[in-house]
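Undergrad: need a structure here:
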Amino acid sequence: MARPQKCRCICSIPKNTCFYPENHNDTEVVTLGFDEYETVRLIDYEKFSQFQCAGRMQVSRATVARMYENARQKLADALVNGKKIVISGGDIAICTEIKPECKNMAHCCHRINQKK
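TA: Coordinates of the predicted model:
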């Protein structure tokens with residue numbers, strides 16, 4: 001029997017959850033989970049290591065590696081084949097306030113939302 005999937009912690013739901021090419025076809029959609037999006041945001045945008053990303057999301061480094069690889073494959077498929085990208089779903093927990101480890105992060109989702 002497989003282990004139950006552990007809930008993945010993410011900073012917040014992204015403001016934009018749908019991206020599509022100029023001449024898009026609604027029938028071809030790539031769905032990126034919120035947890036997969038968070039791995040791309042932390043590793044590629046925030047420049048975290050997979051180990052740091054795993055700590056932030058409260059999962060193993062191997063889980064982050066799998067999510068990141070799946071996300072990259074999905075993004076490549078969408079870019080190469082002109083598919084719409086929808087970000088949704090996943091077994092996630094969303095943090096509700098700035099955590100101590102986020103206090104010096106310029107791009108913390110909660111800090112950005114407070115400025116408005």
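
Undergrad: drop to CA atoms for contacts and neighbour counts, all remaining ones
TA: Will do.

Undergrad: mind listing what's buried in whichever helix in the chain runs longest?
TA: Of all segments of type helix in the chain, defined using DSSP state H, the longest is helix 61-81. Applying a neighbour-count criterion of 16 or more other Cα atoms under 10 Å, one finds Arg61, Thr63, Val64, Ala65, Met67, Tyr68, Ala71, Arg72, Lys74, Leu75, Asp77, Ala78 buried in helix 61-81.

Undergrad: can you check stretch 29-38 too?
TA: Buried residues in stretch 29-38, counted by 16+ other Cα under 10 Å: Val29, Val30, Thr31, Leu32, Gly33, Phe34, Asp35, Glu36, Tyr37, Glu38.

Undergrad: and for it, what are the contacting residues?
TA: 8-11, 13, 67-68, 70-71, 74-75, 77-78, 83-92 (Cα atoms under 8 Å, 6 or more residues apart in numbering).

Undergrad: quick one: average confidence on it?
TA: Mean pLDDT, stretch 29-38: 94.

Undergrad: what does stretch 85-94 give?
TA: The average pLDDT for stretch 85-94 rounds to 86.

Undergrad: Name the residues of that stretch that are buried.
TA: So stretch 85-94, judged by 16+ other Cα under 10 Å, has buried residues Ile85, Val86, Ile87, Ser88, Ile92.

Undergrad: All set now, cheers.
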